[in-house]
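A.B. asks: sequence plus the predicted model coming up.
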Amino acid sequence: MNKQQFFHRPATAGEILGNKWHVSRAYSGIAERIIEMNEHEGLIIPQLVPEEYEGRMKFLKRAPQVVLDVGASQFDAINAGTTPQDAHKKAMGMLKKDEQYCGMAWRSLRRNEFKRVTLDESIKGTKLFAWTEISGNPIEAKAYNDANVDFYGGKFKLWVPSRTPKHGRYEMTAESVPVRKSKFNPVIWTDLTATHYCGVTGNDFSYRYVKSEDFCAHTVAALEHLAKTRFVISNDRVPYDFIPFPMPTQETVEYYNKLVNNVMVEDEFNGKKRKRPLNKAEREILLWDFVKITGYDAAFGHKSRKFREYKWAA
């Protein structure tokens, strides 16, 4: 399977519904219905973004977020020893049943800003990392020499392949990456920053916070690469334990595949009904609904990092 096939996202009713054995509609209990579906079924649903947001972009910028508890101060974080997985599990266990979430956020304990990521970008980033492992086109990384990594974390220059055929690599600089055992790691991971420009990071202003940073699939893949490299070289799990992004289980990937390949939205455009694929906001809403149903352990409490072995393609 080449890159284009691996990352292909169907866009027409013919591609998504045309070869399905059975197509039905759902107006409530949509996430439950999708979980029950098999790959040979299709589903048509209404648009999910509330009208008050006037579209997907405003929803992704202004809708409620799942805010991680990273501690009230650096002292509290160090004393608690909280890892990202601890914060994810706690937050995902407190989701409101009727709330529609646009992503997750946490407060940087040193930079006085908020960091944000969607479940959609986390899954796409893990898929990109898997592709770099499968294809033999790995992410490249170069560490900056810094004697004080125990306090500030590591700093790296990275080159990440694009998911788009014939597109060059994305270059980024990642800082505040926990790389070895340190009492400051519960603070360091909250400060992660990635200097990089793409369609997600270039549109990271929401006016919700004075200063914030949105993370994209390229950064997720880059952190996965750094963690695996460190583990292979030194058998050190610290970078794995402090990746700030939720990493999907195979169950979540299978659900995500159905969002992309089996579900269409029916809405009106210019006074006419049309069917279209789910947009990013709708995928995000349904991913959080999946977490509400299955819980953290089933959705993101993965036991293995062998993402290349997941069933990524429909």
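C.D. replies: That came through fine.

A.B. asks: all contacts plus neighbour counts: C-alpha atoms, from now on.
C.D. replies: Will do.

A.B. asks: tell me if I'm right that P165 and K3 touch.
C.D. replies: Yes: P165 is in contact with K3 according to Cα atoms under 8 Å; the separation is 6.7 Å.

A.B. asks: can you pull the phi/psi pair for the nearest residue to Y27 once chain neighbours are set aside?
C.D. replies: Leaving aside its sequence neighbours, Y27 sits nearest to I45 (Cα to Cα, 6 or more residues apart in numbering; 6.1 Å). Backbone torsions for I45, taken as degrees, to the nearest 10, come to phi -130, psi 160.

A.B. asks: so how far is N79 from P277?
C.D. replies: 46 Å (Cα to Cα, to the nearest Å).

A.B. asks: which one of those two has more residues nearby?
C.D. replies: Between P277 and N79, P277 has the larger neighbour count (other Cα atoms under 10 Å), namely 22 against 13.

A.B. asks: K157 versus the closest residue to the more buried one other than its chain neighbours, what's the distance?
C.D. replies: The shortest distance from P277 to any non-neighbouring residue, by Cα to Cα, 6+ apart, is to M264 (4.8 Å). Distance check for M264 against K157: by Cα to Cα, it reads 39 Å.

A.B. asks: show me which of the two is the more surrounded one.
C.D. replies: Neighbour tally, M264 and K157, criterion other Cα under 10 Å: the higher count belongs to M264, 26 against 17.

A.B. asks: show me the beta-bridge partners of the residue nearest to Y27.
C.D. replies: Taking DSSP bridges as the rule, I45 bridges to V265.

A.B. asks: repeat for V160
C.D. replies: Y170.

A.B. asks: ok, now R276?
C.D. replies: For R276, the beta-bridge partners are V265 (DSSP bridges).

A.B. asks: ok, residues contacting stretch 282-295?
C.D. replies: Stretch 282-295 has contacts (Cα atoms under 8 Å, 6 or more residues apart in numbering) with 30-32, 47-49, 56, 92-93, 95, 97, 100-103, 118-120, 256, 259, 299.

A.B. asks: quick one: average pLDDT of it?
C.D. replies: In this model, stretch 282-295 has a mean pLDDT of 98.

A.B. asks: repeat that for stretch 120-129.
C.D. replies: In this model, stretch 120-129 has a mean pLDDT of 97.

A.B. asks: list the contacts of that stretch.
C.D. replies: Residues contacting stretch 120-129 (Cα under 8 Å, 6+ apart): 163, 215-222, 224-225, 245-248, 253, 280, 283-284, 287, 307, 312.

A.B. asks: mind listing the strands in this protein by residue range?
C.D. replies: Counting by DSSP state E, one finds strands in the chain at the ranges 22-25, 41-46, 66-67, 104-107, 114-117, 140-143, 154-160, 170-177, 193-195, 212-214, 263-269, 272-277.

A.B. asks: and the longest one, how far out from the chain's middle?
C.D. replies: It stands for strand 170-177. 17 Å (Cα atoms, centre = their mean, to the nearest Å).

A.B. asks: would you indicate which residues of that strand are buried?
C.D. replies: Across strand 170-177, burial judged by 16 or more other Cα atoms under 10 Å covers Y170, E171, M172, T173, A174, E175, S176, V177.
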